[in-house]
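In: Here is a sequence together with a model predicted from it:
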Amino acid sequence: MTSLQALVALALFAPGVVAPSARIEVWQLSMFSCAVFAVGIPASFWGGSFIARLGSLRIASLCAAAIVACMALASFGSTAALLAAGLCLGLAFGPETPASAALLARLVTAERRVFVFSVRQTGNQIGAVCGSLVLPAIAISLGPAWCYAAVGACALLAILWFEQLRLAYTGKVVAPPELGLRARLALVTADRRIAMLALASMPFSAMQVSLNTVFVTLGTRELGLSHIEAGMALACAQTGGLIGRLGWGLVAMRLNASRMVLIVIGLGMAFSAAVLGLDGASLGRTGQFAIAALFGLTASGWNGVFIAEIARLAPQDRIGETTGAVLTASYAGLLAAPALVSILDGAASLGAAFFALACLALCGTFALIWGSHDKAGK
């Protein structure tokens, strides 16, 4: 399941990584990302039915097949082909996390669930790092089309692997009764704890995607960093994110307090974004790199604990559907964040945009605190 997320991340980052060699413009990359998220939202929301009917590992195979098709389309190089590739990748981006959650929740004991889910979520960083290191070299030496071919070949191998695992782990698939739109929404709204998780995930996701996409611009424009220094600061943040995905999961497992860990994470990302946005230039290089590491530790490290908490609270025969419904809110945050940051940057500054994101993350944290009191007696 970690490899599935790594494949999705590798495909998602591939056009951006090879953009200089492929002469892909920024607006084309934005169009590609928006297409992925636009399809990923309904694919996540409705994907639970297919997970229940076909099984998680068959869905994993279909996600890998969508990645193969995406890379084949992207290799044509035109704007229309890149748009079609993004739409196709959304079919893998949406259901892969709910499918993983449904399978791992069944295979892993409750005591170890949060740490295992955190390990699974490191696939995003693994895919990003592998793509950043390997794909540029392939693009320079062989050409951009070979980058897409390499990712597609990895996805083809993954299909064979997932089908082998399906025979060993899935068993007989018995689909539960189909859920309509109202019943799917009720999976989130009926339990205030789950509803507050969905609400908090929107600003948390917005913070994460903003860190990944515009932090270097913030560093060079408002923090007084050179381009290389800003890249190093982002590397510190990404390293912090990888450590956070494992570390927060281990802490939550040891303390048996996933929601409290999420609250601490929310406070940490709000503090980091506010400090950098309000007066980050006065921190000095050491302070800026330290805050960047804390920023990544929190804003990129929350996902595993979050998914595990959904799996804990969801009806055990509806984990895939519940995860997909909650992630719909998360993906909405991913989709809205670039527009929000762009508007605030034009109206005020990029620092003001990060401060606004900090305020939204703080509101999401308060929602988690409020939701933690629901059904406390149970």
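Out: On my side now, so go ahead.

In: State the next helix or strand along the chain beyond the helix or strand harbouring residue 4.
Out: Per DSSP states H and E: residue 4 is located in helix 2-22. Next helix or strand after helix 2-22 toward the C-terminus (DSSP H and E): helix 26-54.

In: How about that next one, which residues are buried there?
Out: Within helix 26-54, the residues scored as buried using 16 or more other Cβ atoms under 10 Å are 28-29, 32-37, 39-41, 43-52, 54. Where C-beta positions appear, they are placed from N, C-alpha and C, glycine not excepted.

In: go on, stretch 329-347?
Out: Those buried within stretch 329-347 under the rule 16+ other Cβ under 10 Å are 329-338, 340-341, 344-345.

In: Same question for stretch 16-24.
Out: For stretch 16-24, the buried set under the neighbour-count rule, 16+ other Cβ under 10 Å, comprises 16-19, 21-22, 24.

In: Please report how far the nearest residue to residue 349 once chain neighbours are set aside lies from residue 58.
Out: Using Cβ to Cβ, 6 or more residues apart in numbering and skipping residues adjacent in sequence, the residue nearest residue 349 is residue 222, 6.6 Å away. Applying Cβ to Cβ, to the nearest Å, the value for residue 222 to residue 58 is 48 Å.

In: Residue 136 too?
Out: Applying Cβ to Cβ to residue 136 and residue 58 gives a distance of 34 Å.

In: wait, doesn't residue 99 sit right on residue 62?
Out: No - using Cβ atoms under 8 Å, residue 99 is not in contact with residue 62, being 9.2 Å away.

In: In terms of neighbours, single out the busier of those two.
Out: residue 99 (28 against 20; other Cβ atoms under 10 Å).

In: which SS class is the more buried one?
Out: Secondary structure, DSSP: H, G, I helix; E, B strand; the rest coil: residue 99 is helix.

In: Contact partners for it?
Out: Residue 99 is in contact with 1, 4, 47, 51, 56-57, 59-60, 63, 320, counting by Cβ atoms under 8 Å, 6 or more residues apart in numbering.

In: let's see it at 10 Å
Out: By Cβ atoms under 10 Å, 6 or more residues apart in numbering, residue 99 lies in contact with 1, 4, 47-48, 50-51, 54-60, 62-63, 320, 323-324.

In: Which SSE is immediately downstream of the longest helix seen in the chain?
Out: Longest helix in the chain by number of residues (criterion: DSSP state H): helix 192-222. The helix or strand immediately downstream of helix 192-222 is helix 227-255, counting by DSSP H and E.

In: other SSEs contacting that next one?
Out: helix 113-120, helix 123-141, helix 192-222, helix 258-279, helix 284-299, helix 303-313 (3 or more Cβ pairs under 10 Å, 6 or more residues apart in numbering; DSSP states H and E).

In: List the buried residues in it.
Out: Across helix 227-255, burial judged by 16+ other Cβ under 10 Å covers 229-230, 232-234, 236-249, 251-253.

In: again, but for stretch 62-76
Out: Those buried within stretch 62-76 under the rule 16+ other Cβ under 10 Å are 62-75.

In: pLDDT weak spots in the stretch 101-250 of the chain?
Out: Within the stretch 101-250 of the chain, the stretches with pLDDT under 70 are 170-179.

In: try it again with 80
Out: 128-129, 132-133, 169-181, 184, 212-213, 227 (pLDDT under 80).

In: same thing with the stretch 251-378 of the chain?
Out: Across the stretch 251-378 of the chain, the ranges flagged by pLDDT under 80 are 316-317, 372-378.

In: on that earlier part again, and the buried residues of stretch 16-24 as TSV, adding distance to residue 307 and pLDDT?
Out: Listed next are the buried residues of stretch 16-24 as TSV, based on distance: Cβ to Cβ, whole Å; pLDDT from 0 to 100:
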residue	distance to residue 307	pLDDT
16	25	77
17	26	76
18	30	81
19	30	76
21	35	78
22	33	80
24	32	80
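
In: Let me know the closest of the residues you listed to residue 357.
Out: residue 16 (21.4 Å; Cβ to Cβ).

In: residues contacting the residue nearest to the closest one when sequence neighbours are not counted?
Out: Spatial nearest neighbour of residue 16, chain neighbours left out: residue 29 (5.4 Å); criterion: Cβ to Cβ, 6+ apart. Residue 29 makes contacts with 15-16, 19, 82, 86, 213, as judged by Cβ under 10 Å, 6+ apart.

In: Counting by contacts, list what the helix or strand harbouring residue 83 packs against.
Out: Assigned by DSSP H and E, residue 83 belongs to helix 79-93. Other elements packing on helix 79-93 under the criterion 3+ Cβ pairs under 10 Å, 6+ apart are helix 2-22, helix 26-54, helix 56-74, helix 319-347.

In: Quick one: mean pLDDT over the third one.
Out: Taken as a whole, helix 56-74 carries a mean pLDDT of 95.

In: Would you point out the most distant pair within the contacts of residue 29?
Out: Maximum pairwise distance in these, criterion Cβ to Cβ, is 17.5 Å, between 82 and 213.

In: that older thread, give me the buried positions along the longest helix of the chain.
Out: Neighbour counts over helix 192-222 (16+ other Cβ under 10 Å) mark 192-216, 218-220, 222 as buried.

In: Excluding chain neighbours, what is closest to residue 21?
Out: Distance criterion Cβ to Cβ, 6+ apart; nearest residue to residue 21, sequence neighbours excluded, is residue 139 at 4.1 Å.

In: OK, contacts around that neighbour?
Out: Here residue 139 is in contact with 14, 17-22, 145-148, 150 (Cβ under 10 Å, 6+ apart).
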